[in-house]
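> please find the sequence and the predicted model below.
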Amino acid sequence: MNNVKKYTGIVLLIFLVFFKIQDSNFVMKVENIAYDAYQSLFIKKDNYDGVVIVDIDEKSIGEIGQFPWRRDVFAKLIDRLNQYQASVIAFDIFFSEEDKQNPKKILEEFNIKSDQVIDSDQSLLESIKGSNVVLSVLGDVSTYNKNNPSKPKTNIISRGMDISNYVYSFKNKITSLEKFNDVAAGIGTISYLDSPDAVLRSVPIILKIDGDIWPALSLESLRALHGHKSILINSDETGINSIKTRKYLIEPDPNAIVYINYKEFDKKNYIPAVDVLNMSVNANKLKDKIVIIGSSAQGLFDFVKIPNGDVIPGVQTHAHLIENIVNNDFIIKNLYTTIAENLLLIISLILVLIIPNKILPKFSIIFFSGLVLILIAASMIVYQFNYFVDVFYIISSSSILFLTTLYFRYLKENELALENEKKQIVLKQEREIAGEVQKKLFPKEFTNKDLIFAKNVPAKDVSGDYYDYISINDNEVYFTLADVSGKGVKAGILMANAAAVFRSMAKLEKSVSSIAQFVNNQVANNSYQGMFITAVIGKFNINNKEIEYINLGHEPIMIFDKEYKFEYLKSTLPPLGIMSMDDESFFQTNKVNIQDKNLMIYTDGVTEGYLENGEELQVKGLEQELINNKFIKPSEIIEHISKILTKRDAPLRDDVTCIVVSGHNN
């Protein structure tokens, strides 16, 4: 058995490490869960105010008209942004065909020529030519050749290996017409890579499209902002190492992928396009800013899901990318984080293979819980420095190996467990016998159950609750209800001890104070490990309906009349058994008249008991049950409460015990 356990654990360890190194779909899914959780938990506030979005939103479409708009509208939009002194104007949309709404072209189709009619395409061309405009390009996976010879505006300088071997590649492209691209200050890619769960976590910062290397729209906008001509890309045998401009340094993964660190984007940075056209925007919002023109309109369907679960307009991702580049604030997942994950995995698996065999099972749980907390804490700490180290797969794998180790440990100790079970059966039988003996301590049903009625429903074999009543003559009845702190046989023995004292003293017709004193001292001298008893002890005068009572640390006594007006008599003294007392006067009693009223005493197993719907009854619920059912007779009250608390198909939370004394004339 020991050899089987040893080799099974080692084989499982090797398999789990190999499975991680293979980077399977399952491992990626687990990693994505952890990544998304961190993006949600540790989202930061966007502290970069250099980007605004001019939004083609519902308001703008409603005032300007159905989208796509005529090209002269965009020309006017560019001109307005120039008046606002925007630094860069980037488009997250294409102008890939001639304007079908161009007034001049429409007239030419009818052989009508007029120099007075606007040429919307020409207007846009002139506006782009005179502005710092960056247009978009999108990698196209289709085989259809769009035959657009537009080339990148950026001079790519490569040092090291051929970067085409590492970056993602698309055969064809979708972009604006060549005439627009020719006069633009820059052209940047807005391509995303497909994700199985459609969550946008990462984007390529450079791409190969139609044989050329293109920078992302965000990087191209920053290049245009500073007037740089070139981007330097360093690479070696492992892939892309860094991407540099004169001002910024980006360290992507080997395939030029960066992981976006999404921030809380201020909605004030969305400006409706129509407000720009109407010149109704505060100039400071646009001056010296990078302006990205895109859409948040629902009908245009340009939305992406991000790791924290939000769905945002696609144009906003470019704003996040610009902020990440400027602040060098991408989430880092690279060769070093992968090595760290694999080392942590191997160390964790070795620990859970060895340590649970050296310590007791209960300490094994503590050890494993501590290991999990350390891994999560370490991962969270390094995430604060933007390094993502996935520990969820490590925890999952360690859990599998830990459970396997415990299973073999269980097989080893199974024989001892069986022997212990036999002992428990014997003990259970003894508890059942003790429970049967205890039931005989409870009094028989009172001769007049419309006057006094009580019931006990134990949660276990032996109850820690007790009630009793003794008639000393035709007019007076001693009664008590008590609850031991604790459960089981010890509580039952202590309660039996106290019950014997109560019954003996009541038969001698001692005062309520004297009975309380004797019971208290008996409990104090015979309790186990500081156990005590909360109790109500009283004497009921049947003729004048007066009760002399003492509440010793117990639940408040409930009194209610036919109108169901409730009052409560709270405890005035500490529980029985806290300390021995020589002075009877310490146990001062109180008196209350219950003419035409009911007095109800219950243990906390009643008010804290669960109803069928899983909720606690509580005091208010008890009151409502009495009101709803119009109960007056003690037996009706107690039987109903017992029924609703035991109707739930689950063990009782605590013993259910209560007694009702009626002051109504029968």
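Now that the structure is in, tell me what you want to look at. Numbering: from 1, shown residues only.

> so who does the closest residue to L225 other than its chain neighbours touch?
Nearest residue to L225 in three dimensions, chain neighbours excluded: V88, at 4.9 Å (Cβ to Cβ, 6 or more residues apart in numbering). Yep, even glycine has a C-beta here, placed from its N, CA and C like the rest. With contact set as Cβ atoms under 8 Å, 6 or more residues apart in numbering, V88 has these partners: 132-134, 185, 221, 224-225, 290-291.

> ok, those residues vs G605, which is closest?
Nearest to G605 out of the contacts of V88 is I290 (Cβ to Cβ; 68.5 Å).

> tell me the backbone dihedrals of Y568, please.
Backbone torsions of Y568, given as degrees, to the nearest 10, read phi -130, psi 140.

> excluding its backbone neighbours, what's nearest it?
Per Cβ to Cβ, 6+ apart, closest to Y568 is P556, 3.8 Å.

> and the one you found, how many neighbours does it have?
16 (other Cβ atoms under 10 Å).

> for F26, see how far away it is.
The gap separating P556 from F26 is 58 Å, by Cβ to Cβ, to the nearest Å.

> L12 now?
To F26, L12 is 16 Å away according to Cβ to Cβ.

> for S40, which three-state class applies?
Secondary structure, DSSP: H, G, I helix; E, B strand; the rest coil: S40 is helix.

> what distance do you get for the residue nearest to L225 to I209?
As defined by Cβ to Cβ, V88 lies at a distance of 21 Å from I209.

> and D253, by the same measure?
Remark: distance between D253 and I209 (Cβ to Cβ) = 19 Å.

> and for T8?
According to Cβ to Cβ, T8 stands 51 Å off from I209.

> higher neighbour count, those two?
The neighbour comparison of T8 against I209 (other Cβ under 10 Å) goes to I209, with 24 against 15.

> the more buried one reaches V137, doesn't it?
Yes: at 6.3 Å, I209 counts as touching V137 under the criterion of Cβ atoms under 8 Å.

> overlap of the contact sets of those two?
In contact with both I209 and V137: 173, 189, using Cβ under 8 Å, 6+ apart.

> what about the stretch 401-550 of the chain, any weak spots by pLDDT?
Along the stretch 401-550 of the chain, the parts satisfying pLDDT under 70 run over 415-418, 422-439.

> which residues of it fall in strands?
452-457, 465-471, 476-484, 533-541, 546-552 (DSSP state E, counting those that start in this stretch).

> list the buried ones in the third one?
Residues of strand 476-484 classed as buried under the neighbour-count rule (16 or more other Cβ atoms under 10 Å) are 477-484.

> reformat the residues you listed as a markdown table; add distance to F95.
Shown next, in a markdown table, are the buried residues of strand 476-484 (distance: Cβ to Cβ, whole Å):
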| residue | distance to F95 |
| --- | --- |
| V477 | 99 |
| Y478 | 99 |
| F479 | 94 |
| T480 | 92 |
| L481 | 87 |
| A482 | 88 |
| D483 | 83 |
| V484 | 85 |
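
> pull the most distant pair out of the residues you listed.
The span of the buried residues of strand 476-484, defined through Cβ to Cβ, is set by V477 and V484 at 23.3 Å.

> domain map for this protein?
Following automatic domain parsing, the chain resolves into domains at 1-42+350-436, 49-153+169-227+257-327, 441-662.

> first vs last residue of the last one, how far apart are they?
It refers to domain 441-662. Taking Cα to Cα, to the nearest Å, the first and last residues of domain 441-662 lie 23 Å apart.

> could you do the longest one as well?
Length of domain 49-153+169-227+257-327, first residue to last, Cα to Cα: 12 Å.
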